[in-house]
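Visitor: Structure for this input, please:
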Amino acid sequence: MNSAMRKAAILLILAGLLLSACGTNLWGTYDPTLTPTPTSVGTGFADSEPTPTNFFTPLSTTQAATVLPSPTVTPTTAVTPGTPRLMFFYSSQSGDSLGAVALHFGVQVSDISSSVSLPTTGLLNPDTPLVIPNRLSQTPTTPSLQIIPDSELVYSPSAQSFDIEGYVSSAGGKLSTFHEPMGNGKITGAEGVQRIAYGSSISPRMLLALIQYYTGWVQGQPKSGVDETYPLGYHDPLYPGLYQQLRLIVRELLAGYYGWRDGTLKSLTFPDGTTLRLAPNLNAGTVSLQYLFSKHLNYADWLQAIDPNTGFPAFFANMFGDPWARARETGPLFPPDLTQPTFTLPFEVGIPWTLTGGPHPAWEQESALAALDFAPPMDATGCGESNAWVVAIASGLIVRSEGGYVVLDLDGDGFEQTGWVVLYLHIASKDRIPAGTWVNAGDHIGHPSCEGGEATGTHVHIARKYNGEWVDAGDPLPFILSGWTTHAGSAPYQGTLTKGDKVITASQVSSHESQIIRQPGE
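Guide: Below you'll find the model as predicted:
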């Protein structure tokens, strides 16, 4: 079939969609009697971390959430009950890529058609019409209703002006007077939430809502029976206190969010071992919450937890107002035709550095594979002082510089929740650039080190965010530095940089294949 005939056929299919779309429940099931098929095989994101043994009954809610309709998923032909639907029309969402959509629907990329030209690389523009074979017609799935926007799950423009300290103080709960040890001092409850929100790029509203949901510490009287050593129910001596417990709950949010974003997470596994396929039209924020609750609740209780009228979504809206209204004001996290700005390699010209880490987690092991690691020339292995300079990869404003972190805001508005933002980690305190400084590409940021987190050797960890969401260093929107394009490997920390016929291969042991030198003009 030639291109013109193919487009005409697709247009006829889309016309049929409009005639058959009304009143059809297309994906998922809302029948609480459904029993998913038991299996001993877990998902690709089976959690190796300690699992809470005591997740508390949530506080009651009095205000129902306003739910934005899910993206359109419509059968291409009218069907009678019990007849498998042959094709579906799907309107793409912000952050979708062809590869991830294919994995969500259980098809190959080549199976997907459209009435418009589809990109071979990059993200799909929001609302791109796609016609997809229905390969899941006999597969039970989770409810297809979206329960939280992506922009309310990540630390996005929706929360850029949210005053954590002010909210906690005015709420007047236990958290407003809470302190816990941190290093050689103490931090307040609000400070702990802020640290986790900045590090993980999970919305502070979401963190506060989860604290309130399980402990009642934000508003009103604390819930009885809360173990103050393990307030979120993760009974593990390595993670005592609220801050460490938040790290664990955030890991599960990240695993759900970015596992759905890249298509590797396809099913949920409940504590009793049963599994359920995720409805393919869900958004990453919804999957993040579905995944979190599936780690601790069996199916019937899980359904109650994700219920938009009586479960956590309503609880969240009761605390912070309508999240969908804020999402409409914010707009899509990834606007149409998004491309990466021009970036340079993060070190000076003529100095041999080593690519020690290909795409790997930006923050915690469950985060997006958004980071790259580069190590300077050193006389010895391990953590030692380096005089080499890490440099700005683009012009912008330094909005945070502390504890080994430097954050570069490219749009210069002073918010790391908006636009393109670059995170540098393991920047030594000596000579580190102060917050509030405007830099141009190539200006000094500081020296690589082991400060600011776990590290086995002196290096710099660098990652990108856009509107608060970590962006994978590989496909679909690869990290390009001085014309070197990043490619993910078969496992985290593996991968390559390529430029023309040149290939740099990531290796934690410095070798000729992993060495890269920034050339004049790059």
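Visitor: residues near Ser490, how many?
Guide: When counting by other C-beta atoms under 10 Å, one arrives at 6 neighbours for Ser490. From N, CA and C alone the C-beta is placed, and that goes for glycine too.
Visitor: any idea how far it lies from Gln108?
Guide: 20 Å (C-beta to C-beta, to the nearest Å).
Visitor: And the next helix or strand past the strand ranked longest in the chain?
Guide: Criterion DSSP state E: the longest strand present in the chain is strand 352-360. Using DSSP states H and E, the helix or strand that follows strand 352-360 in sequence is strand 371-375.
Visitor: can you give me the angle that next one makes with strand 352-360?
Guide: Computed by axes from the mean of the first three to the mean of the last three C-alpha atoms, to 10 degrees, the angle separating strand 371-375 from strand 352-360 equals 160 degrees.
Visitor: Just checking: what are the partner strands of strand 371-375?
Guide: Applying DSSP bridges, strand 371-375 is found paired with strand 352-360 (antiparallel), strand 460-466 (antiparallel).
Visitor: and Met87, which of the ones you listed is closest to it?
Guide: Of all the strands paired with strand 371-375, it is strand 460-466 that lies closest to Met87, at 32.4 Å by C-beta to C-beta.
Visitor: Contacts for that closest one next, please.
Guide: Contacts to strand 460-466, defined as C-beta atoms under 8 Å, 6 or more residues apart in numbering, come from residues 201, 333-334, 338, 340, 346-347, 357, 362, 370-375, 390, 393, 416, 419-427, 448, 453, 470-471, 473, 479.
Visitor: for it, the distance to its chain's centre please.
Guide: Centroid displacement of strand 460-466 relative to its chain, using C-alpha atoms, centre = their mean, to the nearest Å, is 13 Å.
Visitor: One more: stretch 422-442?
Guide: With C-alpha atoms, centre = their mean, you get 24 Å for stretch 422-442.
Visitor: pLDDT (mean, whole number) over it?
Guide: Per-residue pLDDT over stretch 422-442 has a mean of 98.
Visitor: ranges for the helices of the stretch 101-250 of the chain?
Guide: 150-153, 164-171, 189-200, 204-215, 241-261 (DSSP state H, counting those that start in this stretch).
Visitor: and the angle from the last one to helix 204-215?
Guide: Here helix 241-261 points in a direction 120 degrees away from that of helix 204-215 (the same axes, to 10 degrees).
Visitor: how about helix 241-261 as PDB, C-alpha atoms only?
Guide: What follows is helix 241-261, C-alpha atoms only, in PDB (Å, rounded to 0.1, in the frame of the first residue of the first chain):
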ATOM      1  CA  GLY A 241      13.300   8.200  61.300                       C
ATOM      2  CA  LEU A 242      11.100  10.100  59.000                       C
ATOM      3  CA  TYR A 243      13.800  11.300  56.500                       C
ATOM      4  CA  GLN A 244      15.100   7.800  55.900                       C
ATOM      5  CA  GLN A 245      11.500   6.400  55.600                       C
ATOM      6  CA  LEU A 246      10.700   9.000  53.000                       C
ATOM      7  CA  ARG A 247      13.700   7.800  51.000                       C
ATOM      8  CA  LEU A 248      12.100   4.400  50.800                       C
ATOM      9  CA  ILE A 249       8.700   5.600  49.900                       C
ATOM     10  CA  VAL A 250      10.200   7.900  47.200                       C
ATOM     11  CA  ARG A 251      12.100   4.900  45.700                       C
ATOM     12  CA  GLU A 252       8.800   3.200  45.100                       C
ATOM     13  CA  LEU A 253       7.300   6.300  43.600                       C
ATOM     14  CA  LEU A 254      10.300   6.700  41.300                       C
ATOM     15  CA  ALA A 255      10.300   3.000  40.300                       C
ATOM     16  CA  GLY A 256       6.600   3.300  39.200                       C
ATOM     17  CA  TYR A 257       7.000   6.700  37.500                       C
ATOM     18  CA  TYR A 258      10.100   6.100  35.400                       C
ATOM     19  CA  GLY A 259       9.400   2.400  34.900                       C
ATOM     20  CA  TRP A 260       6.200   3.400  33.100                       C
ATOM     21  CA  ARG A 261       7.900   6.300  31.300                       C
END
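Visitor: Could you point out the helix or strand that follows it?
Guide: strand 267-269.
Visitor: So which elements touch whichever helix or strand comes after that following strand?
Guide: Next helix or strand after strand 267-269 toward the C-terminus (DSSP H and E): strand 275-277. Contacts defined by 3 or more C-beta pairs under 8 Å, 6 or more residues apart in numbering; DSSP states H and E place strand 275-277 against strand 267-269.
Visitor: Please compute how far the strand it packs on lies from its chain's middle.
Guide: Distance, centroid of strand 267-269 to centroid of chain: 18 Å (C-alpha atoms, centre = their mean).
Visitor: same thing with stretch 512-522?
Guide: Centroid separation for stretch 512-522 versus its chain: 31 Å, with C-alpha atoms, centre = their mean.
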